[in-house]
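*Asks:* task: produce atomic coordinates for the following.
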Amino acid sequence: MEETYLTEGEFAFVSYMPTKLKVGMAFLSRLDIGVTQTLWNYFTLEEVPEDEQMFMSVHGAPVHMFITDEEGGSISDKSGIGWFHSDDTEELHPITDYEINRILNEYDGFMDVECDFDGNVLYYEDKIIISYLSEVDGEEEEDEYS
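*Replies:* Residues are numbered from 1 along each chain as shown. Here you go, the predicted structure:
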């Protein structure tokens, strides 16, 4: 099996105005009232609301999600974002809205993306593999007393 490495990626979003809302569209809302720091809420539409305009006035327009590299180049669009690798288990699973929100709020939108030695992003079943960022503020996480 090929040895894997990690490269840093960052979520990026572009909003668009659809003619009609559809199940599966993604939304990103900024929550900053009554909280000490801005929080992001990413969610996938599970049911089309009766009043689409009212819904978008509250939640904003739908967004396309991308992952970019350190230079701002595209690593993957939504169609290639699919697998999440957790430290809790060795099994890959489809990324969830919860994990996207955690990356946005706890890691400022940054994550690790699996790649080969040369930095080429690796794909499993046509999807990239991402995980929570293993470095914080440019330093590897260390034991407080080491």
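*Asks:* contact partners for residue 92?
*Replies:* 83-85, 124, 129 (C-beta atoms under 8 Å, 6 or more residues apart in numbering). Any C-beta I mention is one placed from the backbone N, CA and C, and that applies to glycine too.
*Asks:* report the central residue of the chain.
*Replies:* The centre of the chain sits closest to residue 100, judged by C-alpha atoms, centre = their mean, with a distance of 4.2 Å.
*Asks:* what's the longest strand in this protein?
*Replies:* strand 5-15 (DSSP state E).
*Asks:* which residues sit against that one?
*Replies:* 28, 60-70, 75-76, 100, 103-104, 109-117, 119, 121, 130-131, 133-135.
*Asks:* this protein: helices as residue ranges?
*Replies:* 52-59, 97-106 (DSSP state H).
*Asks:* deepest of these, which one?
*Replies:* helix 97-106 (a mean of 17; mean count of other C-beta atoms under 10 Å).
*Asks:* how far out from the middle of the chain is it?
*Replies:* Mean-position distance between helix 97-106 and its chain equals 7 Å (C-alpha atoms, centre = their mean, to the nearest Å).
*Asks:* what about that helix, average pLDDT?
*Replies:* Average pLDDT, helix 97-106: 96.
*Asks:* equivalent analysis for stretch 3-17, please.
*Replies:* Here the average pLDDT along stretch 3-17 is 93.
*Asks:* what comes up buried for that stretch?
*Replies:* 6-13 (16 or more other C-beta atoms under 10 Å).
*Asks:* and if you look at stretch 24-35?
*Replies:* For stretch 24-35, by 16+ other C-beta under 10 Å, it's 25-28.
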